[in-house]
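# Please find the sequence and the predicted model below.
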Amino acid sequence: MIKVDNIEKYFNKGKKNEIHAVNRTSLEFDSKGLVCIVGESGCGKTTLLNIIGGLDTFQSGEITIDEVTINKYSEKNSEELRVSDFSYIFQNYYLLQDYTVDYNIHLALSMFDISDEEKKSRVNYVLDALEIGKYRNRNISQLSSGQRQRVAIARALIKSPSVIFADEPTGNLDEVNTLKTMDILKKISREHLVILVTHEKNIVDYYADRIIYVKDGIVERDVNVANTESRNYKRLDDSNLYLKEYEPNVLNNKNVNINLYHDGSENKFTLNMICADGKLYIQSPDEKEIVFLMNDSSTKMIDSKKPEYEQSKEFDFNLPKLSTCKSPRLSFKEIRKMTAENLQAFGKKQIFMMVTFILTAVILVITVANYITLKTGDKTLIISDDSHYVTVKTEAINTASPETYNQNFINFYDQLLDSGHANDVYMELRKANTTAGPILFQKVELDFRHPGFGQINKIMHAVKDISFVTMEHFNEADLISGRMPKARNEIVIDKRLINQFWQTENVVFKLMPGYKDFLGNQVEVMGKSDFLTIVGISDSGEPSIYIDKYMRVSIASWSDSIASVEQLQAIFPGKYEDLTLHGFNVLVPKSVYDNMVISEQFSKTTTYGITYTAVGSFSDELNVSYIVTEKTYDAIVDAFNEKTKSFRIYSDDKRGLLTYINSVKGDLKEEGIDITVNDMAADQLKAYEDKQAAVLTTWSIMSAVILSMAVLMLYFSMKSNAMKRLQELTVFRVIGIVKSRILATYALEIVILTSYTVLPTVVLTSIVIKILGNFKSIGINFVYPWYTMFFILIALYTANVLIGLLPVYSIVKQPPAKMAEKL
């Protein structure tokens, strides 16, 4: 039993175009019978039907169905009622057009815990009862309107509901199918309640047990006509005139014989008739309409009574009510089947959405790869200076004389070395300036050759801007391959520097793909006659070459080649064991010493003010200009630095060193010295990070714009897809399937579609990026770990599902009646 108490429903409430669709309506319905709600278009009859049937909202009042009371629209309660107790038949059928009859009817059983065998049995029963079993495997789109309405009735009957709501069920049918449909509903109403909205008076007069008249949202009359006798159905498609239905009157004379039949009305006709020349002339002075029935006229005069309408044959409808209702849902099998059938149509209907998926995937992969490259690029590849180095450069302030400037510099230089913050001091081997003007010293340049193939041994690769560190500062624990140097021309090269070599894609380094391949390689010092031999590979974390300190001075373009007494003794074992040198005494090659003996000139002053004295000689076999003492070595370094006023400091306490220099800057300025300090490694890193930040900002903005456009394209393509399938969504909601299950259906569909499009696109794009990343020479140096691909896939799957479900959710969150309005 249904009780409607004081229900009110407004459209556009509070606005100028407010409509009071249902106005304080109260009704009660028995458990069976055929109730017709009638009224003019727009009077509120369909709205009232939808409210009672749980398809629409209402503002006030309450509805009681058996023991369930609803005082406002409750989605949960309405869905449970729509599944367990209600079924619906509509003018537009609301069937899934691209699916079979069998599937459409099965769909109504998806919310019940019954076996597949029982489902099949019930489907067969209703198909046979409605004489549409032969159409079970046809798609709905292949059926006539009458057949479609029978399918809709079958779907309504399949669960044997307590109430069937029918909204203009015969509106799109011809009269034959109208009568068949109404016969079925009438027979159903013997055991079930059928509430029907129609505007066809013939149907109401002939079939209704109860008629509710509605006008402007108000029930004007509620009439019980169940026991009315002698109700005949007047077929609208029968235009014949049956003579036995009229009162006869015969006019007969010698000239004419007239049989006049009339319907008993008091209307009087005046006719003037003339028989002449074998013709009959008729005139109506009252200007009444005269209709002539010829042999080919559609309306015939038939000498009999009008035949009474014979109802369609009786059918036995006896399906038990289903009571084991579960959460209204679609099974995974049904979801999968529906998804597969929808995807089959995507090749033609949804190509734009698939292209959007693919473009979004490509854009995102490139964006992520570029972002990771910019954020996590190997900073060690762009830093060419050892992080322990600080470069100091001074210039004279105009107020200081050259002598004062020079003396004050020497004082600062000595104080710096004594400060405890400088572990060592070196010449600037790249570029230096003197007070006399710029003196451009050639950069130390090393030429690498491959030691193997004769065909390419003339191919070399020059490396500049190398950070040289003396062996005193090398930790043997950092040696990862090879051995420690023994000779003055043997060096250890750090793997970080080798990594930078490999980035150049030079053929020389291509032929040395491993760290150990560099061992034994002789590197030429350009502009000098020296060769350095790589004997060790280190992992110190610095882009440095570790070299003997005497060799470090020797490779400078301005310097003579020097060696220590210990190195001379190591080269010629036992020959110079008793040799000792002191102060600025040196040894020179024998040929040079012999000339000195002849000229008796054993002393020489260098350009930088060092005076040394040759006290002996060594074999000309050694390619060295001088054998010097430690004191002479220090003097060479200091003299060069004092001359150029530019030098490098190696410090294990770089922060303390910088603090010290900054603390004396003010005093130095007063003494006529302007000092500039550069932490080269930090400066290179900062320049790199600033550049990367600028590029990252630009790229981020571009990527955000592109991805936003892609997201919008995706959203609107998904929204367009959802709108195209609005009827499908409406069908689901009308039969009671909950939003979460509909969303799950669409989510699975999107996941499968994403797997067909996005998954191979991301994999293929990732492979291309990885391949291109191996060709450094073309300037594409993407950093793209393989695991990134999986995160991108997760992000795209998630984004596609969420974006794809937004338009679907915006549709299904509305009451079913609201959804149906948009069809």
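Cool, the structure landed. Numbers count the residues shown, from 1 in each chain.

# Identify the bridge partners of the residue lying closest to Phe618 once chain neighbours are set aside.
Leaving aside its chain neighbours, Phe618 sits nearest to Leu587 (5.1 Å; criterion: C-beta to C-beta, 6 or more residues apart in numbering). No exception for glycine: its C-beta is placed from N, CA and C like everyone else's. When bridges are called by DSSP bridges, Leu587 pairs up with Gly616, Ile627.

# in the chain, what residue sits furthest out from the centroid?
In the chain, the greatest distance from the average C-alpha position (C-alpha atoms, centre = their mean) is reached by Lys254, at 97.7 Å.

# What about that one? Give its phi and psi, please.
Here is the backbone geometry of Lys254 (degrees, to the nearest 10): phi -70, psi -20.

# what residues are up against it?
Taking C-beta atoms under 8 Å, 6 or more residues apart in numbering, we find Lys254 in contact with no residue.

# Show me the shaky parts of the stretch 301-450 of the chain.
Within the stretch 301-450 of the chain, the set of residues satisfying pLDDT under 70 comprises 306-316, 323-331, 333-350, 377, 429-445, 449-450.

# So which residues of it form strands?
Along the stretch 301-450 of the chain, counting by DSSP state E, counting those that start in this stretch, strands occupy 301-302, 389-396, 424-427, 432-434, 437-439, 446-449.

# now the helices for the stretch 601-750 of the chain?
Ranges of helices within the stretch 601-750 of the chain are 630-644, 654-670, 680-724, 726-734, 739-773, based on DSSP state H, counting those that start in this stretch.

# Give me the secondary structure label for Ile89.
Classification of Ile89 using DSSP: H, G, I helix; E, B strand; the rest coil returns strand.

# Could you break this structure into its assigned domains?
2-224, 241-302, 332-380+686-821, 443-555, 560-644 (automatic domain parsing).

# Tabulate the ones you listed in JSON lines, adding columns for distance to Phe409.
Output for these, formatted as JSON lines (distance: least, C-beta to C-beta, whole Å):
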{"stretch": "domain 2-224", "distance to Phe409": "87"}
{"stretch": "domain 241-302", "distance to Phe409": "124"}
{"stretch": "domain 332-380+686-821", "distance to Phe409": "28"}
{"stretch": "domain 443-555", "distance to Phe409": "21"}
{"stretch": "domain 560-644", "distance to Phe409": "7"}
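
# Tell me which of the ones you listed sits nearest to Leu417.
Across the domains of the chain, Leu417 has its closest neighbour in domain 560-644 (8.8 Å, C-beta to C-beta).

# Do I have it right that Tyr593 meets Thr613?
No. With contact defined as C-beta atoms under 8 Å, Tyr593 does not reach Thr613; the gap is 11.6 Å.

# which residues sit in contact with the residue nearest to Phe618?
For Leu587, the contacting residues are Leu568, Leu579, Leu581, Tyr593, Ala614, Val615, Gly616, Ser617, Phe618, Tyr626, Ile627, by C-beta under 8 Å, 6+ apart.

# on that earlier part again, adding distance to Val194 and mean neighbour count, write the strands of the stretch 301-450 of the chain out as a markdown table.
Shown next, in a markdown table, are those (distance: least, C-beta to C-beta, whole Å; neighbours: other C-beta atoms under 10 Å):
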| stretch | distance to Val194 | mean neighbour count |
| --- | --- | --- |
| strand 301-302 | 35 | 14 |
| strand 389-396 | 95 | 20 |
| strand 424-427 | 103 | 20 |
| strand 432-434 | 105 | 16 |
| strand 437-439 | 106 | 9 |
| strand 446-449 | 95 | 18 |
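
# Tabulate those (TSV), appending distance to Val223.
Below are the strands of the stretch 301-450 of the chain laid out as TSV (distance: least, C-beta to C-beta, whole Å):
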stretch	distance to Val223
strand 301-302	35
strand 389-396	106
strand 424-427	114
strand 432-434	114
strand 437-439	115
strand 446-449	108
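
# Now do the same contact list for Leu714.
Met353, Thr356, Phe357, Thr360, Ala799, Asn800, Ile803, Gly804.

# how about the residues you listed, which pair is most distant?
Met353 and Ala799 (13.8 Å).

# Would you mind telling me which of these two has more residues around it?
The neighbour count for Met353 versus Ala799, taken as other C-beta atoms under 10 Å, is higher for Met353 (22 against 18).

# I figured that one was touching Tyr715, is that so?
No. Met353 sits out of contact with Tyr715 when judged by C-beta under 8 Å, with a separation of 10.6 Å.

# Give me the neighbour count for Glu191.
Around Glu191 there are 12 residues (other C-beta under 10 Å).

# What of Asn253?
The number of residues packed near Asn253 is 7, by other C-beta under 10 Å.

# And for Asp378?
Counted with other C-beta under 10 Å, residues neighbouring Asp378 total 14.

# distance of it from Gln503?
Distance from Asp378 to Gln503, counting by C-beta to C-beta, to the nearest Å: 9 Å.

# Please apply the same query to Ile675.
Relative to Gln503, and taking C-beta to C-beta, Ile675 is found at 35 Å.

# now swap in Leu319 and tell me
Distance from Leu319 to Gln503, by C-beta to C-beta: 78 Å.

# Likewise for Leu753?
Taken as C-beta to C-beta, the span from Leu753 to Gln503 is 41 Å.

# who has more neighbours, these two?
Using other C-beta under 10 Å as the criterion, Leu753 and Gln503 rank with Leu753 on top: 21 against 15.

# Pretty sure the more buried one sits against Thr356.
No. Using C-beta under 8 Å, Leu753 is not in contact with Thr356, being 10.9 Å away.

# which ones are touching the closest residue to Met354 other than its chain neighbours?
Counting by C-beta to C-beta, 6+ apart, the nearest residue to Met354 once its immediate chain neighbours are dropped is Thr757, at 5.1 Å. Thr757 is in contact with Met354, Phe357, Ile358, Ala361, counting by C-beta under 8 Å, 6+ apart.

# can you put these in TSV and add distance to Ile742?
Shown next, in TSV, are the contacts of Thr757 (distance: C-beta to C-beta, whole Å):
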residue	distance to Ile742
Met354	22
Phe357	21
Ile358	26
Ala361	26
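
# Noted, bye for now.
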